[in-house]
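In: for reference, the sequence and a predicted model appear below.
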Amino acid sequence: MSARGDYAVRAMVALGARDSDAPVAAESIASDQEIPVAFLLKILADLRTARLVGSRRGALGGYVLARDPAEVSVADVIRAVEGPLADVRGTPPEDISYPGASAALRDVWLATRVALREVLEETTIAHIARGDLPAHVSAALDRPGADRRR
């Protein structure tokens with residue numbers, strides 16, 4: 001996961017966890033989530049372009065979610081700031097063919113995309129904000145080695 005994707009999801013969760021509809025200043029989100037403010041502003045611009053957040057100007061301005069956090073998946077956020085999930089060198093895996101012994105690699109990339117989608121498309125900003133992840137995501141954490149980098 002890139003810093004850009006991580007920061008985007010964290011910013012969305014920070015907005016989704018609020019009890020108020022009042023706009024939140026980018027500086028406040030950046031401070032609370034320990035995100036560099038200049039980087040966050042670029043991310044928020046992408047999220048606004050994708051219509052995931054709205055912005056208001058002025059002294060009481062800032063950012064708000066444009067949709068209910070239960071309707072925004074982690075995949076939606078990542079696609080907004082990074083593009084499609086699991087492309088290979090910018091190409092969808094279904095459009096790739098490999099010669100000879102590497103031919104089956106295309107299917108590995110397709111299966112990787114399916115696995116990512118099973119988690120990222122079914123986990124919403126509301127799930128994370130509430131700390132109540134979907135059952136299959138929580139179950140995956142119980143697998144041996146889930147908490148170890150390899």
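Out: Done, it's in.
In: number of nearby residues for Ala101?
Out: When neighbours are defined as other C-beta atoms under 10 Å, Ala101 has 7 of them. Glycine gets a C-beta too; all of them are placed from N, C-alpha and C.
In: can you classify it by secondary structure?
Out: helix (DSSP: H, G, I helix; E, B strand; the rest coil).
In: and it, what's its pLDDT?
Out: Looking at Ala101, its pLDDT reads 97.
In: any idea how far the closest residue to Arg4 other than its chain neighbours is from Arg150?
Out: Counting by C-beta to C-beta, 6 or more residues apart in numbering, Val81 is the residue found nearest to Arg4 once chain neighbours are left out, at 5.3 Å. From Val81 over to Arg150 the distance is 26 Å, taken as C-beta to C-beta, to the nearest Å.
In: more neighbours, the two?
Out: Set Val81 next to Arg150 and count neighbours by other C-beta under 10 Å: Val81 wins out with 23 against 3.
In: give me every residue that touches the more buried one.
Out: Val81 sits next to 4-5, 8, 43, 46-47 when contact means C-beta atoms under 8 Å, 6 or more residues apart in numbering.
In: counting contacts, what elements does the helix ranked longest in the chain pack onto?
Out: Using DSSP state H, we find that the single longest helix of the chain is helix 105-120. If you count contacts as 3 or more C-beta pairs under 8 Å, 6 or more residues apart in numbering; DSSP states H and E, helix 105-120 packs onto helix 74-82, helix 135-141.
In: out of those, nearest to Pro23?
Out: helix 74-82 (18.7 Å; C-beta to C-beta).
In: can you list the buried residues in that closest one?
Out: For helix 74-82, the neighbour count (16 or more other C-beta atoms under 10 Å) marks 74-81 as buried.
In: appreciated, that's everything.
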